[in-house]
Every structure is written in C-alpha cells, then in structure tokens.
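> Sequence and predicted structure below; questions after.
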Amino acid sequence: MNFLLGSGVGFGTSGARGLVVDMTDRVCYGFAAAFLGSVAGDAAGVVIGHDLRPSSPGIAGACARAVMDSGRELVYAGALPTPALAFYAQRLGLPAIVVTGSHIPFDRNGIKFYRADGEISKADELAMMEAEVVVPEVVVPAVLPALDGRAREAYVRRYLDFFGAGSLEGMRVGVYEHSSVARDVLREILEGLGADVVSLGRTEVFVPIDTEAVRPEDVLQARAWADEVGFDAIVSTDGDGDRPLIGDENGLWMRGDVVGILCAQFLRANVVVTPVSCNTAVEACGWFGKVVRTRIGSPYVVAGMDASAADGVVVCYEANGGFLLESRVVHNGRTLEALPTRDSVLPILALLGMARERDEKVSGLSASLPKRFTASDRLKDVPTERSNSLISSLRDSPDEAARLLGPDAGGVAWMDMTDGLRMTFENGDIIHLRPSGNAPELRCYAEADSVERAEMLCAGALGAVTRDA
C-alpha cells in the first residue's frame, strides 16, 4: 500500500489532519517529502513554522528533516500565525509548511502546505496522497535552526502600513489570548495602531478554540470581562491565528459570516466567495456585484476566488470568520497586497476601523444588514460514515426530514447538496448538516429571522438526530 494512504492521516477541509499518535516522525516526513516531490516545485528553500500545541515543534522537526534531506534551504519562522507564515513565504516566493491543528481537539494535530503562489489545491492533495515517497526506517527530527524574525516583522508591518498609526487611538480592546499563536502579534499590531490593549485569559495550556462553535464558558467569560472592565471590543483568534473571534462592547461574540460581510463592505469588494453554509444576508444586502457559493474548506473557496479573479476586488470569508483576500485593495489612499489564505487579523482590524470611522459602537455595525441570523454546533464522536448515512436518508425522505428537523417550519422547499445537506423550509428557515472534514463530528448550521429561532433550530436538529440515531 502507498505509504501515506496507509498512515491513518489524511486531508481535511484545510491541511492534513490526524491523531497525534498517528503523526509519527516517519508519517510527517512522508507528507513533507510528498509535498516537496510532487507539489512544491524546484524552489531552493522552504519556510516552516508552527502553532503552540505541545506536539507541533516535534512535527515541524520531522518535516524539516525532509526539507534538509531534499537539499533545500530551511527558513524557520517559529511560532507564528498561519497567515503570517503564508505571507512571508509569498513574499520570498517560496513554498511553506505550517504545523497546526487549528481548532481541532487536543489529541490531534495537522500540517498545512503552501505553494509559492498560495494554498495547495484539492488536485495537489491528491497528488501528494498518491506520491511514492521514500521514507527512512528511522527519522531523526531536525534541530530547528535559528529563528528568522523577518516573518513576524513583515506581517506586523503589513497592517500598520495599511491602517495607519493612530487609526485606533482612543479604543480600548481586550485581547483574549488563551493559547493562540497570534496573541503577541495581535497585541503588537493593535498597540501599533494606537489602541489601549488589555490582555485577557492567557494560558500555557493549549485550548482548542473553535470560532464556529464557541464554548459556553467563553460566552459567559466575554460578558463578564465586558461588565467588569469595559471595552470597545474583545478580540481573539483560534489556535493558529487564521480565524477571528470578535466580541462587541457588551462581550457578545459576533458570528463569523456577519464579520465577513462587514469586512467585505469595508474593503469595497466587488465579488464575494463564501461557502454554502454562510448567512444569506450576503445576497440579500445587495452590496456586492456577485456572490459565489462553494463547498466548505480552503481549497474550494480558493478555487472559487481564482475563477473570479478578473471581476474586480475579490474576497472570501468563511463561517468561522477567516477572511481571504484575492486582490490588492486601496482604502483611504493606502494599499493592501493580496493574501489569498485565511486570515484573522484583517477582519478584526476592519471592524474596529469601521467602528472608528463611523463613530459607532461595534454592536451597531451589523444594524444595516438584513435580519438573518445563524447558529452552529456539532455532535462529537460521530463517525463520518454515520453522518453520511444520516444525510442520505434525510435527502431521500424530505417529508421525514421536515418532521424530524423542522416540524413547525413547513415542508422542505429546497435542498442543496453542495456540501452535506442544506434544507430551506417553506417559512425561510434553513438547516444544514454535514460531516466535519477534520474530526469525527456532525456539524449543524441553522439560519432564521431571529437569533433565538436559529439557536432553537440548531439545538433541535442535533437533538432530533441524537434521538433518532
């Protein structure tokens, strides 16, 4: 059997993911070797960095050994946000390997791969998985070399130059640091723009923050911080710094797809590419010339952006809040270069900048959007096969789907199978079920005309699925 296919590690929605116990030195070496041999091209060097998971430096060392064995120069950028690493590699014209499990459970990790021109595609993933690689019987992880600090400097300067010194002066911003690899960089950027920054919740114990399914304790904690301290906003990211979490002055976390719409408006986008799971307010608002819907996952949205590249300023966002910039943009006479990979800092700064420019509270930014609200959650430890079986059954029995998932929403008016099963009911409610691409979980997304209704639909759907299992 092909070495990688038998490894127990495979590609999810963004990068190769697996249990830490399966991500042995040999497996990680094999993935890096497959990338170098079939996707990375003939570049003389490779940028490597990682997040703050305890297992990440060791995995980076195994990947670094593959780079060194290939005869290429190793550029070690250290523990940095994934978009910072991708941006630096883009500037150098080099491919990159980023070790991160993002938001997935603690017992897992992952590796993301970047060509010199951006994220790898689904075709690249297939080429890697089918590659015949030679892996030593014993892989000794490389001792990572001295840190190249220019990657951090370039990312910080990108945003200081675009937004401008003093642009956030007078704003008090809480940074929920937890174990995010972006915590120090985010603070440096915010302070560089003039904000008064207060550090919150820093920990050296890794916390897997999922910006699509915020933990109840984080909901309560943000409100407590807002009440006790007082902020214009509270901001955070997931573990590898490519998905934002933005709370208003009341400590209420904003939905990632609402953040994406507002960021796209701030950048005066012509085309918005977004996964099928995101809020339909992006079409209903009428702010954009074209909206393109895709499957969920970075390779799919990147492909959607590439297909629209000639249509003006093209951006993308996902339900997790991650924002991708396909085009160079100009705002207030300042230019921001394209960065076609998921980023957390741009949407954070865009919303703070928008609030400052409009002299408005962060909570008021979404007031002009159509009243469509989303909720999402997940069932853990649901095998992908079980999720797919459930989805097939509901697809084939729309009346049963309506009875089970939307008993007071009318019949199923429309089904979308772009990614999982997305059902629009006669009253406009939406329920979307799909297996996670990163973990054995069943994801549920709901949309309705009120927050309460969306949350009720989501909880009800997952409860019904559990009872019917």
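On my side now, so go ahead.

> Do you have the helices of the stretch 101-250 of the chain handy? List them.
122-130, 150-163, 183-192, 216-228 (DSSP state H, counting those that start in this stretch).

> Could you do the stretch 301-450 of the chain as well?
Using DSSP H, counting those that start in this stretch, helices in the stretch 301-450 of the chain cover 345-358, 384-396, 398-405.

> what's the angle from the shortest one to helix 384-396?
Per axes from the mean of the first three to the mean of the last three Cα atoms, to 10 degrees, the angle that helix 398-405 makes with helix 384-396 is 120 degrees.

> List the buried residues for helix 398-405?
Across helix 398-405, burial judged by 16 or more other Cβ atoms under 10 Å covers 401-402, 404-405. Bear in mind the C-beta positions are built from the backbone N, C-alpha and C, glycine included.

> Ok, the first one next?
For helix 345-358, a neighbour-count test (16+ other Cβ under 10 Å) marks 345-356 as buried.

> of these, closest to residue 332?
Closest to residue 332 out of the buried residues of helix 345-358 is residue 353 (9.2 Å), distances taken as Cβ to Cβ.

> Tell me who's in contact with that closest one.
Residues in contact with residue 353 (Cβ atoms under 8 Å, 6 or more residues apart in numbering) are 163, 167-168, 266.

> In ChimeraX, how would I select the buried members of these?
Per 16+ other Cβ under 10 Å, the buried members of the contacts of residue 353 correspond to this ChimeraX selection:
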select :163,167,168,266
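
> Switch the contacts of residue 353 over to JSON lines; also include distance to residue 185 and pLDDT.
Putting the contacts of residue 353 into JSON lines (distance: Cβ to Cβ, whole Å; pLDDT from 0 to 100) gives the following:
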{"residue": "163", "distance to residue 185": "15", "pLDDT": "97"}
{"residue": "167", "distance to residue 185": "17", "pLDDT": "97"}
{"residue": "168", "distance to residue 185": "16", "pLDDT": "98"}
{"residue": "266", "distance to residue 185": "21", "pLDDT": "97"}
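
> Tell me which two of the contacts of residue 353 sit farthest apart.
Farthest pair in the contacts of residue 353, by Cβ to Cβ: 168 and 266, 13.8 Å.

> which helices and strands sit right next to the helix ranked longest in the chain?
Criterion DSSP state H: the longest helix present in the chain is helix 451-468. Helices and strands touching helix 451-468, by 3 or more Cβ pairs under 8 Å, 6 or more residues apart in numbering; DSSP states H and E, are strand 373-380, helix 398-405, strand 430-435, strand 441-448.

> so which of those comes closest to residue 419?
Nearest to residue 419, of the helices and strands packed on helix 451-468 and by Cβ to Cβ, is strand 430-435 at 5.6 Å.

> Turn the helices and strands packed on helix 451-468 into CSV, including mean pLDDT and distance to residue 334.
CSV is the format used below for the helices and strands packed on helix 451-468 (pLDDT from 0 to 100; distance: least, Cβ to Cβ, whole Å):
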stretch, mean pLDDT, distance to residue 334
strand 373-380, 90, 32
helix 398-405, 91, 47
strand 430-435, 96, 38
strand 441-448, 94, 35
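
> any chance of those in CSV, plus distance to residue 11?
Converted to CSV, the helices and strands packed on helix 451-468 look like this (distance: least, Cβ to Cβ, whole Å):
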stretch, distance to residue 11
strand 373-380, 20
helix 398-405, 30
strand 430-435, 14
strand 441-448, 16
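
> Of these, give the one that comes closest to residue 28.
strand 441-448 (23.6 Å).

> strands paired with the closest one, and their directions?
strand 373-380 (antiparallel), strand 430-435 (antiparallel) (DSSP bridges).

> Just give the number of residues close to residue 290.
For residue 290, the number of neighbouring residues by other Cβ atoms under 10 Å comes to 13.

> brain fart, residue 196
Applying other Cβ under 10 Å, we find 15 residues neighbouring residue 196.

> show me what contacts it?
170-173.

> Who wins on neighbours among those residues?
residue 173 (22 neighbours).

> Spatially nearest residue to that residue, not counting backbone neighbours?
Spatial nearest neighbour of residue 173, excluding adjacent residues (Cβ to Cβ, 6 or more residues apart in numbering): residue 195 at 4.7 Å.

> From residue 6, how far off is the nearest residue in space to residue 140 that is not next to it in sequence?
Distances taken as Cβ to Cβ, 6+ apart place residue 65 nearest to residue 140, at 6.6 Å, with adjacent residues excluded. According to Cβ to Cβ, to the nearest Å, residue 65 and residue 6 sit 21 Å apart.

> cool, residue 189 as well?
43 Å.

> Residue 216 too?
Distance from residue 216 to residue 6, by Cβ to Cβ: 39 Å.

> Repeat that for residue 254.
Counting by Cβ to Cβ, the gap from residue 254 to residue 6 is 43 Å.

> Now distance to residue 22 too, for the helices of the stretch 101-250 of the chain, in TSV please.
Converted to TSV, the helices of the stretch 101-250 of the chain look like this (distance: least, Cβ to Cβ, whole Å):
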stretch	distance to residue 22
helix 122-130	15
helix 150-163	29
helix 183-192	29
helix 216-228	29
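
> what is the mean pLDDT for stretch 116-135?
Here stretch 116-135 scores 92 as its mean pLDDT.

> Deepest-packed of the strands paired with strand 441-448, please.
Stretch with highest mean neighbour count among those: strand 430-435 (a mean of 24; mean count of other Cβ atoms under 10 Å).

> Can you give me the neighbour number for residue 126?
12.

> Tell me where the stretch 51-200 of the chain has strands.
73-79, 96-99, 108-115, 118-119, 172-178, 196-202 (DSSP state E, counting those that start in this stretch).

> Of those strands, which stretch is the most buried?
Using mean count of other Cβ under 10 Å, strand 96-99 ranks as the most buried of the strands of the stretch 51-200 of the chain, with a mean of 30.

> can you list contacts of that one?
15, 32, 35, 46-51, 56-57, 59-60, 63, 67, 82, 85-86, 88-89, 109-114, 240.

> Can you tell me the strand partners of that strand and which way each runs?
Strand 96-99 has these partner strands in its sheet, going by DSSP bridges: strand 45-50 (parallel), strand 108-115 (antiparallel).

> so how far is the first one off the chain centroid?
Looking back up the chat, that one is strand 45-50. Averaging C-alpha positions (Cα atoms, centre = their mean, to the nearest Å) puts strand 45-50 20 Å from its chain's average.
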